[in-house]
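Undergrad: next input, structure requested:
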Amino acid sequence: MSTDIGTDISAGISTDFGTGISAGGVTAVTDADFGAQVLAAGQPVLVEFSAAWCGPCRQIAPVLKAVAAEHADRLKVVEIDADTNPETAARYGVLSLPTLLVFDGGEPVLSLTGARPKRKLLQELAGVLGS
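TA: Numbers count the residues shown, from 1 in each chain. Down below sits the predicted model:
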């Protein structure tokens, strides 16, 4: 019996342990392009700090994919692997994964830690989304 731990096909999430977790529709950013992709963005940006080994990060990935698709006109959703991009994680004091930071105008305006269902996340993002 062989098991492929590289892909979780039930959730459509790549779990390649060499490159991190990436939900479709969620852009991966790095220390090098964080400023351009997040701080200089013309709209609010939800940043998920994650890691390949993080179970709760895999749990929230489909939620973030759905939020990214449904609110693309009002919110950009990105992820950054905290293990391979330690400078950005340290700059914002990220100690637990997943950490969700919302940036608006280049500044963090909301910080959330841990996986959560879509309904709860949307309630927490209501002020940012204007809903």
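
Undergrad: what's around Lys118, how many residues?
TA: Close neighbours of Lys118, defined as other Cβ atoms under 10 Å, add up to 15. In this view, the C-beta of every residue, glycine as well, is placed from N, C-alpha and C.

Undergrad: with adjacent residues omitted, what lies nearest to it?
TA: Excluding the flanking residues, the one nearest Lys118 by Cβ to Cβ, 6 or more residues apart in numbering is Val63, at 4.7 Å.

Undergrad: what's near enough to touch the one you found?
TA: Ala115, Arg116, Pro117, Lys118, Leu121 (Cβ atoms under 8 Å, 6 or more residues apart in numbering).

Undergrad: 10 Å - rerun?
TA: Contacts for Val63 (Cβ atoms under 10 Å, 6 or more residues apart in numbering) come out as Ala23, Glu48, Ala115, Arg116, Pro117, Lys118, Arg119, Lys120, Leu121, Leu122.

Undergrad: what bridges to the most centrally placed residue in the chain?
TA: Per Cα atoms, centre = their mean, the C-alpha nearest to the average position across the chain is that of Glu48, at 2.4 Å. Beta-bridge partners recorded for Glu48 (DSSP bridges): Glu79, Leu100.

Undergrad: I'd guessed it sits against Arg58; true?
TA: No: when contacts are counted by Cβ atoms under 10 Å, Glu48 is not listed as touching Arg58 (11.3 Å).

Undergrad: buried ones in the longest helix belonging to the chain?
TA: Counting residues, the longest helix found in the chain (DSSP state H) is helix 55-70. Neighbour counts using 16 or more other Cβ atoms under 10 Å place Cys57, Arg58, Gln59, Ile60, Ala61, Pro62, Val63, Leu64, Lys65, Ala66, Val67, Ala68 of helix 55-70 among the buried residues.

Undergrad: give me the phi and psi for Asp73.
TA: Backbone torsions for Asp73, taken as degrees, to the nearest 10, come to phi -80, psi -20.

Undergrad: I appreciate the help and will end here.
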